[in-house]
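In: what follows is a predicted protein model with its sequence.
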There are 2 protein chains.
Amino acid sequence: MDAKGTRKGRAGRKANDVKADLIAVVVAVTDGHPCVLTIGQATLPSGPFEFDHRSLQSGLRAWVERQTGQPLGYIEQLYTFADRDRIGDEHQQRVISISYLALTREEYASASAKCCWGSWYDYFPWEDHRSGTPPVVLDILRPRLIEWAQGAPEAEARRERQRRAAVAFGFDDRGWNEELVLQRYELLYEAALVEEAARGGQHAGALAPMPGRSMVADHRRILATGIARLRSKIKYRPVVFELMAPVFTLLQLQRTVEALAGRLVNKPNFRRLIEQQELVEETGETTTETGGRPAKLYRFRRAILDETVIAGTKLPLARG
Amino acid sequence: MDAKGTRKGRAGRKANDVKADLIAVVVAVTDGHPCVLTIGQATLPSGPFEFDHRSLQSGLRAWVERQTGQPLGYIEQLYTFADRDRIGDEHQQRVISISYLALTREEYASASAKCCWGSWYDYFPWEDHRSGTPPVVLDILRPRLIEWAQGAPEAEARRERQRRAAVAFGFDDRGWNEELVLQRYELLYEAALVEEAARGGQHAGALAPMPGRSMVADHRRILATGIARLRSKIKYRPVVFELMAPVFTLLQLQRTVEALAGRLVNKPNFRRLIEQQELVEETGETTTETGGRPAKLYRFRRAILDETVIAGTKLPLARG
DNA sequence: TCCGATTATAGTCAATCTGGTTATAAGGGG
DNA sequence: CCCCTTATAACCAGATTGACTATAATCGGA
């Protein structure tokens, strides 16, 4: 392909300028509910990268604080998109979106008008396996995916679709892999089983209702990317603690991990792993607010972040 | 901070436009040497993202092919930078750099004038621990880092620097962690032990020669990011095979992994892990070109990429 | 042709890690 | 005082890991 670029002559320089958008997946966990911050019902906080911003990160922080009143703590870059369909309105200018994952605690949220926390399982109901495989998978997605697979013109393509669906959703005792959030969303998109897929104009008609709340533009895809990253990261880096109160019980910590992973973990094993890694220290206090026998309170040993830099934290989420 | 952006009135819209640069870390391994593709001696292939490009990836492929004649296979996004110091020349326009990691085989390289393969250990001599800790670490870096640590004004800061150096380089039997490539480079930068650090104008004078070949702008930092990502990724995803010839012996595969990781692995264990994961299949042929007893030839089972999608490949690089 | 150098391949063994279960402790509420 | 709930400790078997040993097959020269 001819990408010469200077073809347009002297004026060509301006033609390649782009707009850069910053967009945030802001996550908090409030008693067992993994929540994501939105503007209104279905829009992730975002705004253009401006000349005043010192860096991408500080630009992002500024936008999120302005739009939601939520100050951000931990931040990491997710991905940069620039698809053909992401085109700015006037002058055919292209838009690049730089997405970030941010972790905070909901309590910090000052009440901003349009800011709104919602469980991410509202957007991805098929991702919560804490009480076993959810009905939406067995009753709705599986039959429709099988139907979609059968809809392929050639036999080879039918087998291929079948296999992809089975791998992504763990059919035929393949086991559920909680990290495949993005693959699952993209598969559903391809099978036209999420609302966003119908926007292309294909069948704008009112078909059967589709599972999960949809979002503006490709925001749900970006959210899926963020969830996938977080589910992967909690297994080898102590990022869960960014979501915890300063002091917590081990069960509360476990519930937070389970909320993120969308699956349950074995209690004794969880405690063993946490304790032997010296990630936490006892405060000396206990709390009776948990119901039964008083539980010891712990705090995160921030010092560990320097000692073990990136070395590798483990959580019992290895295999199904 | 005031990031209102519309402050500049009608003309303000243009003010926030940016240039987007694509930049590639292209890696190949040729008998035990992990090589990186450069233009001339010290520049990574790169070019602006243009309006004609279908996507960021295809833009990157176009630039690398044009500049080096090297077609790319596997590609993954690394990171997007936009620091204050990365400012375009005229009109105070900002530049965003979107970096990618690409894996190929050197043999594909058609001879382009300025394209050039070089061992990445030329740029990072302290990263190759295949024959034990390299002299440059013990004889040069350690004493200079200790000196740097002692140079801190306060006692607390001195301990802190000491600790950071020890963690990054594995001093005091902390063990070498091959994944900390970026942390090590940034530490050396901070300690002004790499040439790039002196460019700020601090001490432009000719001090003691600094270890490792330097690169243009922040390219060495981007290369460090790429190496770190690759060293991490080979442990859980079968990406090594993108660097192998279609047919290879298990020892050749092992040598490639060792070249990337910068450390040796145990031979029987390596074979066991590769075989039990069914990543490869025998071709039925053997080769005597390896010296001693003829070795079986294997090929990568591409089918595994679909079966185990992202599920997790293992290599015996777990702990020191 | 036989020996030694070199590399390939198979097998063994102990230490550790993992997932799971069971038992005991300590609160609160009827 | 009993029962329910949750916390905490102890235990066990199977899998995984790291490291080592032994045997097989080829080549090059003495």
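Out: Ah, there it is.

In: which bits of the stretch 151-300 of chain A sit near DNA strand C?
Out: Residues of the stretch 151-300 of chain A lying near DNA strand C by CB under 7 Å from any atom of the strand: A:266-269, A:272-273, A:288, A:292-294. In short, each C-beta sits where N, CA and C put it, glycine included.

In: helices and strands around the helix or strand in which residue A:63 is found, which ones?
Out: Using DSSP states H and E, residue A:63 sits in helix A:56-68. With contacts taken as 3 or more CB pairs under 8 Å, 6 or more residues apart in numbering or on different chains; DSSP states H and E, helix A:56-68 sits against strand A:18-30, strand A:33-39, strand A:46-48, strand A:74-81, strand A:94-103.

In: with mean neighbour count, mean pLDDT and distance to DNA strand D as added columns, please give the ones you listed in a markdown table.
Out: As requested, the helices and strands packed on helix A:56-68 are exported to a markdown table (neighbours: other CB atoms under 10 Å in any protein chain shown; pLDDT from 0 to 100; distance: least, CB to the nearest atom of the strand, whole Å):
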| stretch | mean neighbour count | mean pLDDT | distance to DNA strand D |
| --- | --- | --- | --- |
| strand A:18-30 | 23 | 94 | 16 |
| strand A:33-39 | 22 | 94 | 17 |
| strand A:46-48 | 20 | 94 | 39 |
| strand A:74-81 | 18 | 96 | 26 |
| strand A:94-103 | 23 | 95 | 23 |
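
In: out of the ones you listed, which comes closest to residue B:140?
Out: Minimum separation from residue B:140 across those (CB to CB) falls at strand A:74-81, 33.3 Å.

In: just put the helices and strands packed on helix A:56-68 in JSON lines and tack on distance to residue A:157.
Out: Converted to JSON lines, the helices and strands packed on helix A:56-68 look like this (distance: least, CB to CB, whole Å):
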{"stretch": "strand A:18-30", "distance to residue A:157": "34"}
{"stretch": "strand A:33-39", "distance to residue A:157": "35"}
{"stretch": "strand A:46-48", "distance to residue A:157": "37"}
{"stretch": "strand A:74-81", "distance to residue A:157": "28"}
{"stretch": "strand A:94-103", "distance to residue A:157": "32"}
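
In: what's the distance between the helix holding residue A:63 and the middle of its chain?
Out: Using CA atoms, centre = their mean, to the nearest Å, the mean C-alpha position of helix A:56-68 is found 18 Å from that of the whole chain.

In: now that helix against strand B:94-103, angle please.
Out: Taking axes from the mean of the first three to the mean of the last three CA atoms, to 10 degrees, one finds helix A:56-68 and strand B:94-103 inclined to each other by 120 degrees.

In: quick revisit: relative to chain B, which of the residues of the stretch 151-300 of chain A next to DNA strand C is nearest.
Out: residue A:273 (15.7 Å; CB to the nearest CB).

In: closest point of chain A to DNA strand C, which residue?
Out: The nearest approach of chain A to DNA strand C comes at residue A:293, 3.0 Å away (CB to the nearest atom of the strand).

In: which residues touch residue A:285?
Out: Shown in contact with residue A:285 (CB atoms under 8 Å, 6 or more residues apart in numbering or on different chains): A:247, A:296-297.

In: check what pLDDT residue A:289 gets.
Out: At residue A:289, the model reports a pLDDT of 76.

In: sec struct for it, please.
Out: Here residue A:289 takes the coil state, with states given by DSSP: H, G, I helix; E, B strand; the rest coil.

In: and it, how close does it get to DNA strand D?
Out: Here the criterion is CB to the nearest atom of the strand, to the nearest Å. By it, residue A:289 lies 9 Å from DNA strand D.

In: mind checking how far that residue is from residue A:247?
Out: 12 Å (CB to CB, to the nearest Å).

In: what residues does the helix holding residue A:63 touch?
Out: In contact with helix A:56-68 (CB under 8 Å, 6+ apart) are residues A:22, A:24, A:26, A:37, A:39, A:45-47, A:49-50, A:53, A:70-72, A:75, A:77, A:98, A:100, A:102, A:109, A:112, A:114-115, B:1, B:3, B:80-82, B:96.

In: how about a cut-off of 6 Å?
Out: If you take CB atoms under 6 Å, 6 or more residues apart in numbering or on different chains as the criterion, helix A:56-68 is touched by A:22, A:24, A:37, A:39, A:45, A:47, A:49, A:53, A:70-72, A:75, A:98, A:100, A:112, A:115, B:3, B:82.

In: tell me which stretches of the stretch 151-300 of chain A form helices.
Out: Along the stretch 151-300 of chain A, counting by DSSP state H, counting those that start in this stretch, helices occupy A:155-169, A:181-190, A:219-233, A:250-261, A:267-276.

In: with just CA atoms, put the first one into CSV.
Out: Think helix A:155-169. Provided in CSV are the C-alpha atoms of helix A:155-169 (Å, rounded to 0.1, in the frame of the first residue of the first chain):
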residue,chain,number,x,y,z
ALA,A,155,-18.6,-27.5,7.7
GLU,A,156,-15.1,-26.5,8.6
ALA,A,157,-16.2,-23.0,9.7
ARG,A,158,-19.0,-24.6,11.8
ARG,A,159,-16.6,-26.7,13.7
GLU,A,160,-14.3,-23.7,14.2
ARG,A,161,-17.0,-21.5,15.6
GLN,A,162,-18.2,-24.3,17.9
ARG,A,163,-14.6,-24.8,19.2
ARG,A,164,-14.1,-21.1,19.8
ALA,A,165,-17.3,-20.8,21.7
ALA,A,166,-16.4,-23.9,23.8
VAL,A,167,-13.0,-22.6,24.6
ALA,A,168,-14.2,-19.1,25.5
PHE,A,169,-17.1,-20.2,27.7
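
In: and that helix with chain B, contact?
Out: Yes: using CB under 6 Å from any CB of the partner chain, helix A:155-169 comes into contact with chain B via residue A:167.

In: repeat that for the second one.
Out: No: Helix A:181-190 lies out of reach of chain B by CB under 6 Å from any CB, never closer than 6.6 Å.

In: and the angle from that helix to strand A:74-81?
Out: Put simply, helix A:181-190 runs at 40 degrees to strand A:74-81, going by the same axes, to 10 degrees.

In: residue A:185: what's it in contact with?
Out: residue A:224.

In: pLDDT at it, what is it?
Out: Value for residue A:185, per-residue pLDDT: 97.

In: next: the one 10 residues further on.
Out: We have a pLDDT of 93 for residue A:195.

In: do you know the pLDDT at the residue lying closest to it once chain neighbours are set aside?
Out: Spatial nearest neighbour of residue A:195, excluding adjacent residues (CB to CB, 6 or more residues apart in numbering or on different chains): residue A:214 at 3.9 Å. pLDDT recorded at residue A:214 is 95.

In: can you pull the residues of chain A lying near DNA strand D?
Out: A:249-251, A:267-268, A:271, A:286, A:290-296.

In: ok, of these, which come out buried?
Out: Buried residues within the residues of chain A next to DNA strand D, counting neighbours by 16 or more other CB atoms under 10 Å in any protein chain shown: A:249-250, A:295.

In: just name the closest of these to DNA strand D, please.
Out: residue A:295 (3.5 Å).

In: which residues are in contact with the closest one?
Out: If you count contacts by CB under 6 Å, 6+ apart, then residue A:295 has A:249, A:287 around it.

In: swap in 10 Å and give it another go.
Out: Shown in contact with residue A:295 (CB atoms under 10 Å, 6 or more residues apart in numbering or on different chains): A:248-252, A:285-289.

In: tell me the bridge partners for it.
Out: Assessed by DSSP bridges, residue A:295 has beta-bridge partners residue A:287.

In: show the pLDDT at it.
Out: 88.

In: please report how far it lies from residue A:287.
Out: From residue A:295 to residue A:287 the distance is 6 Å (CB to CB).

In: mutual contacts of these two, please.
Out: A:248-249, A:252.

In: now tabulate those residues in TSV and tack on distance to residue A:183.
Out: Formatted as TSV, the shared contacts of residue A:295 and residue A:287 follow (distance: CB to CB, whole Å):
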residue	distance to residue A:183
A:248	32
A:249	35
A:252	31
